[in-house]
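Visitor: Whatever this is, show me its structure:
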Amino acid sequence: WCFNLSIPELREYWISDCLQAVADGCDGCYIDRSNNMTQVSVQSMSKEDSIRFELAHMETLSELNRRLADIGSFAISNNQGIPAEGTVMMMFEDFAASEHCIRSLQIAAERNLGVQAHAGDIVDDGTNATENGCGHGDINAMAAFLIGAGEYAYYHCAKGWQSDEPWPLYPDAWLDWRNEYDKPLGKPLANGTKGSRDGIWRRFFAYAYVEFDSSLGNGTIWWADGTTQRGKPRKLGDAQTGCTWQTMANNGGRGDDLDY
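Guide: A predicted model of the protein is given here:
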């Protein structure tokens, strides 16, 4: 029924929905598909209308970000990392154990963006594509995350996109708290860097040391309590497609915004 509203009314309808959630006690709003609506616009509109639709989509996000900032809140924008649009927090919903994801995190940190990194949808241990990607692959992805993470970066690993009602009677990767999350990490002593000869990424923290092998795609974490976690080496494949980061597909031809 809301499509009977005018464009300004429709924009206000969506924005007020998020603002009301914040007023009701939420920290902010998660905006899925904030980066790309071509699956709607291209299939149902002319090219000219599609471009106008996508520009209006981005203008709505910009207005939402401005109004959230006015009340000390924020939106987590899925894969949208353009500060000019007012974005302060973004999500990589397909975070994976790859050099591409490390560099993506580093660029986000350079742009003063907070990041919600969701791993587990792409299997990173090369064992069985039908298994949850948060087994051995979790260590690979977590190591890659620690190498590239900025100050306001958050990590979680769970396959799929929803939790199960029976939790906590049954394990649920979305809701279970992993033991690693309680280990002391401390501040990073420097940014993650890649060895010019061996291709190994390394980073020191106050209470941990992390390596990520960019040729084998596996990570190792040495914790201050003496425990060591190693992910299984694997053949680089699907994980290399992780960390999609793009603007609207047709807004001035900007396309992928990552520039190495």
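
Visitor: what about the strands in the chain?
Guide: 28-31, 74-78, 89-95, 114-119, 153-157, 193-194, 200-205, 208-213, 218-223, 228-230 (DSSP state E).

Visitor: all helices for the stretch 151-260 of the chain, in order.
Guide: With DSSP state H, counting those that start in this stretch, there are no helices along the stretch 151-260 of the chain.

Visitor: Where does the prediction get shaky in it?
Guide: 235-241, 245-260 (pLDDT under 70).

Visitor: related to what we said a few turns ago, I'd like the strands of the chain laid out as a markdown table, including distance to Thr244 and mean neighbour count.
Guide: Backbone N, C-alpha and C define where each C-beta goes, glycine included. Shown next, in a markdown table, are the strands of the chain (distance: least, CB to CB, whole Å; neighbours: other CB atoms under 10 Å):
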| stretch | distance to Thr244 | mean neighbour count |
| --- | --- | --- |
| strand 28-31 | 15 | 18 |
| strand 74-78 | 10 | 22 |
| strand 89-95 | 6 | 23 |
| strand 114-119 | 12 | 23 |
| strand 153-157 | 17 | 19 |
| strand 193-194 | 22 | 13 |
| strand 200-205 | 21 | 18 |
| strand 208-213 | 20 | 22 |
| strand 218-223 | 21 | 21 |
| strand 228-230 | 27 | 14 |
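
Visitor: can you tell which of those strands is closest to Glu9?
Guide: For Glu9, the closest of the strands of the chain is strand 28-31, at 19.4 Å, according to CB to CB.

Visitor: list the helices and strands that closest one packs on?
Guide: If you count contacts as 3 or more CB pairs under 8 Å, 6 or more residues apart in numbering; DSSP states H and E, strand 28-31 packs onto helix 7-23, helix 47-70, strand 74-78.

Visitor: try 7 Å this time
Guide: On a contact count with 3 or more CB pairs under 7 Å, 6 or more residues apart in numbering; DSSP states H and E, strand 28-31 meets helix 7-23, strand 74-78.

Visitor: and it, which strands flank it?
Guide: Paired with strand 28-31 in the same sheet, following DSSP bridges, are strand 74-78 (parallel).

Visitor: orientation of the strand it pairs with relative to helix 47-70 in degrees?
Guide: Put simply, strand 74-78 runs at 150 degrees to helix 47-70, going by axes from the mean of the first three to the mean of the last three CA atoms, to 10 degrees.

Visitor: ok, back up a step: closest one to Asp182 among the strands of the chain?
Guide: That would be strand 218-223 among the strands of the chain, by CB to CB, at 10.6 Å.

Visitor: Quick one: work out the angle between the closest one and strand 208-213.
Guide: 170 degrees.

Visitor: Put together TSV for the strands of the chain, with distance to Glu9 on each row.
Guide: TSV is the format used below for these (distance: least, CB to CB, whole Å):
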stretch	distance to Glu9
strand 28-31	19
strand 74-78	21
strand 89-95	27
strand 114-119	31
strand 153-157	35
strand 193-194	51
strand 200-205	49
strand 208-213	49
strand 218-223	49
strand 228-230	53
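
Visitor: how much space between the residue nearest the centre of the chain and Cys157?
Guide: Closest residue to the average C-alpha location of the chain: Phe92 at 1.8 Å, with CA atoms, centre = their mean. Between Phe92 and Cys157 the computed distance is 12 Å (CB to CB, to the nearest Å).

Visitor: Cheers, nothing more for now.
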